[in-house]
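Chemist: only the shape, not the letters, is given here:
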C-alpha cells in the first residue's frame, strides 16, 4: 500500500472513531473551556476554544461559557472579526505580484485538479489565478465548509465579539492581520502548495463534511488532544512542517506571552482563540502550565 493510501486510511480510521461520538456530542461532560488560576488558586482568566466555522447547533453556547464571559473584564480574540481593516488587509495580502499567476507556482498535474475543485465548489477559477496559494486554500476550505452546512456567519468568535460589545466589555486582539498572514506564508511556496494539495484531496475524496463534523464533535466534548491530532494529521506532509510549526507552535507561545502580560497588569479576561491551539505539548494549555498557571477544564453542569 502506498504512503498516500496509508495516510488516507489513517485519516478515515480517525474520522470513524470521532464520528462514533456524534450521538453523544450533546451529553454532559467537559467543555472546551478552562479556568486559568495563579499559584494561590485564584481564577485569573478563562480560556475558551472556538470553532471558526460552525452550524446552528453550536448555539446557544453552554451556560458556563456565557457566565464566564459575563464575569470577565474584557474579551481577547486572535483578531477582532468586525475590525473594518481586516477584510482589506487580507485582500491586499492575498494577491500575487502583478504579472504572476497561481499556475506559475503549481506542478502541471495539479493545475487541472485545482481548477476542477474550484468549479465543484462554485469559485471562479480565473479569479483564483491572481491569488496566493494560502488564500486559495482558505477560500476552498471555507466554501467546502459552507456546502457541508457550516459557515463563518455562525462562527463562535463573531458571537462572542458581539456579546462582549453589547454589554460594554472591551475587546482586544492577541495578534495582527499581518502576523497571521506571515504564519500562513511560512515555509515559502512549497509549504503553501502542499497545503493546497491537502485541501484539494479533501474535496476530491468527499471527505470535507466528515472532517468538519469530526472537528465539531471533538470541540463539543472538550477533547483538545483529538482536535490537535485531527489538525496535524491533515497537515502531515514534510513540506508543510514549517507552516504548521509557525501557525500553531510559534503562535501559541506568542499568544501565551500576550495573555500573561495582560494578567500581570491585573486584568481578568475571557480569552477565546481557535480550538486547534489548545492540545499537544506545545499547545496553549501546556505553555501556560509551564509558566506556573493552573489550568482546570470546566464541566457542563447544566440540567
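Modeler: Cool, the structure landed. Given the structure is predicted, the values throughout are model-derived calculations rather than measurements. Numbers count the residues shown, from 1 in each chain.

Chemist: how about the helices in this structure?
Modeler: 3-19, 63-71, 86-94, 111-120, 125-128, 133-147, 156-166, 177-184, 188-204, 208-220, 224-234, 241-244, 251-264, 284-290 (DSSP state H).

Chemist: export the ones you listed to a markdown table and tack on mean neighbour count, mean pLDDT and distance to residue 78?
Modeler: All C-beta atoms are positioned from the backbone trio N, CA, C, and that covers glycine. Converted to a markdown table, the helices of the chain look like this (neighbours: other C-beta atoms under 10 Å; pLDDT from 0 to 100; distance: least, C-beta to C-beta, whole Å):
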| stretch | mean neighbour count | mean pLDDT | distance to residue 78 |
| --- | --- | --- | --- |
| helix 3-19 | 13 | 36 | 24 |
| helix 63-71 | 16 | 97 | 16 |
| helix 86-94 | 14 | 91 | 11 |
| helix 111-120 | 17 | 98 | 27 |
| helix 125-128 | 14 | 96 | 25 |
| helix 133-147 | 21 | 94 | 15 |
| helix 156-166 | 18 | 92 | 8 |
| helix 177-184 | 17 | 91 | 7 |
| helix 188-204 | 20 | 95 | 19 |
| helix 208-220 | 21 | 90 | 16 |
| helix 224-234 | 20 | 88 | 15 |
| helix 241-244 | 19 | 90 | 17 |
| helix 251-264 | 18 | 96 | 7 |
| helix 284-290 | 19 | 98 | 11 |
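
Chemist: mind checking the ones you listed for the one nearest to residue 35?
Modeler: In terms of C-beta to C-beta, the element of these nearest to residue 35 is helix 63-71, at 7.9 Å.

Chemist: tilt between that closest one and helix 156-166?
Modeler: Interaxial angle of helix 63-71 relative to helix 156-166 (axes from the mean of the first three to the mean of the last three C-alpha atoms, to 10 degrees): 40 degrees.

Chemist: what packs against helix 63-71?
Modeler: When contacts are defined as 3 or more C-beta pairs under 8 Å, 6 or more residues apart in numbering; DSSP states H and E, helix 63-71 sits against strand 30-37, strand 43-50, helix 156-166, strand 270-274, strand 294-299.

Chemist: worst mean pLDDT among the ones you listed?
Modeler: The minimum mean pLDDT among those belongs to helix 156-166 (a mean of 92).

Chemist: so what does that helix touch, helix or strand wise?
Modeler: Helix 156-166 sits against strand 43-50, helix 63-71, strand 75-77, strand 171-173, strand 270-274, with contacts defined as 3+ C-beta pairs under 8 Å, 6+ apart.
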